[in-house]
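Peer 1: coordinates only, sequence not included:
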Ligand code: NI
């Protein structure tokens, strides 16, 4: 039987969305408030969902203590209270949109999780705006 196990996490981070070769007017038109040259912060909410077979011996799909530790080491330690553009290597040349942040989180967690587990990452940039990525 396949069951999905989810864990919620949180981090605060600053970012700026822009394309360096676009004019200030075009950047403002496309990215709006997220184009602020002085950066700004979001309170990101993250839901990590892992789907797999229930282990008959433990009754677990994944040990949530281990999942919690992976989220801490791969996501919270890397992103919390950071400037994503300046301090996180994955966003040196890539806009830290919610979409791209979700993809980076997915790729980092996929590397450490058991390869038999399916992974989905849902990232809330605001309480009303959120994205999901499951590697497809
Ligand atoms: Ni923003």
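Peer 2: Now that the structure is in, tell me what you want to look at. Given the structure is predicted, the values throughout are model-derived calculations rather than measurements.
Peer 1: can we go C-alpha only for contacts and neighbour counts from here?
Peer 2: OK.
Peer 1: show the pLDDT at residue 136.
Peer 2: Predicted confidence (pLDDT) for residue 136: 90.
Peer 1: check residue 23 too.
Peer 2: Residue 23 is assigned 96 on the pLDDT scale.
Peer 1: so what does it look like in phi/psi?
Peer 2: Dihedral angles of residue 23 (phi, psi; degrees, to the nearest 10) stand at phi -70, psi 160.
Peer 1: for residue 50, see how far away it is.
Peer 2: Counting by Cα to Cα, to the nearest Å, the separation of residue 23 from residue 50 is 42 Å.
Peer 1: the more surrounded of the two?
Peer 2: The neighbour comparison of residue 23 against residue 50 (other Cα atoms under 10 Å) goes to residue 50, with 21 against 11.
Peer 1: the helix or strand that that one is a member of pairs with which strands, and in what direction?
Peer 2: Following DSSP states H and E, the helix or strand that holds residue 50 is strand 40-53. Sheet pairing here is set by DSSP bridges, and for strand 40-53 it gives strand 2-15 (antiparallel), strand 118-124 (antiparallel).
Peer 1: contact partners of that strand?
Peer 2: Identification of contacts with strand 40-53 by Cα atoms under 8 Å, 6 or more residues apart in numbering yields 1-16, 34, 61-62, 116-126.
Peer 1: give me the pLDDT for the residue of the chain most remote from its centre.
Peer 2: Among the C-alpha atoms of the chain, the one farthest from their average position, using Cα atoms, centre = their mean, is that of residue 57, at 31.7 Å. You'll see residue 57 listed with a pLDDT of 96.
Peer 1: for it, grab phi and psi.
Peer 2: phi -80, psi -50.
Peer 1: can you check the one 4 residues further on too?
Peer 2: Backbone torsions of residue 61, given as degrees, to the nearest 10, read phi -80, psi -40.
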